[in-house]
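Chemist: just to be clear, the model below is a prediction. Sequence and coordinates:
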Amino acid sequence: MADISITQAHTLTHKKAKAAAQKVADQMADEYDMESEWDGDVLHFKRSGVSGRLTLADNSAHLEISLGFLFKAFAPTIHDKVSAKMKKVFHTKA
């Protein structure tokens, strides 16, 4: 079971949503040494102490993150930061 679960609505095309997710994955790889790999519309990611997946749907992106023991204490902070990042990444102008 995931320690963090976030669903973010969006109105992006599938192509733009996948490109936005890949951009974030690339940043995470640079900043946190995180590996990621696509399996269809699911982006799996991992590094020591953290793993998860981002599933893209037509009108939403669903993120699930599992934290290792040392990271569990920071779950609320991680949730807030990741939630804000998802809002920014999948934001579309009305």
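Modeler: Yep, that arrived. Numbering: from 1, shown residues only.

Chemist: buried residues in the lowest-mean-pLDDT helix or strand in the chain?
Modeler: Least confident helix or strand, the chain: helix 14-32 with a mean of 89, by mean pLDDT, DSSP states H and E. Within helix 14-32, the residues scored as buried using 16 or more other C-beta atoms under 10 Å are 17-18, 20-21, 24-25, 28. Quick note: C-beta positions are derived from backbone N, CA and C, even for glycine.

Chemist: helix, strand, or coil at Arg53?
Modeler: For Arg53, the secondary structure call by DSSP: H, G, I helix; E, B strand; the rest coil comes out as strand.

Chemist: specify the beta-bridge partners of it.
Modeler: His44, Glu64 (DSSP bridges).

Chemist: verify the contact between it and Glu64 for me.
Modeler: Yes. Contact between Arg53 and Glu64 holds when scored by C-beta atoms under 8 Å: they sit 5.7 Å apart.

Chemist: in its sheet, what does the helix or strand that the least confident helix or strand of the chain is followed by sit against?
Modeler: Later in the chain than helix 14-32, the nearest helix or strand by DSSP states H and E is strand 35-39. Strand 35-39 pairs in its sheet with strand 42-47 (antiparallel), by DSSP bridges.

Chemist: quick one: the partner strand to helix 14-32, angle?
Modeler: Strand 42-47 and helix 14-32 meet at an angle of 0 degrees, taking axes from the mean of the first three to the mean of the last three C-alpha atoms, to 10 degrees as the criterion.

Chemist: in strand 42-47, which residues are buried?
Modeler: Quick answer for strand 42-47 (16+ other C-beta under 10 Å): 43, 45.
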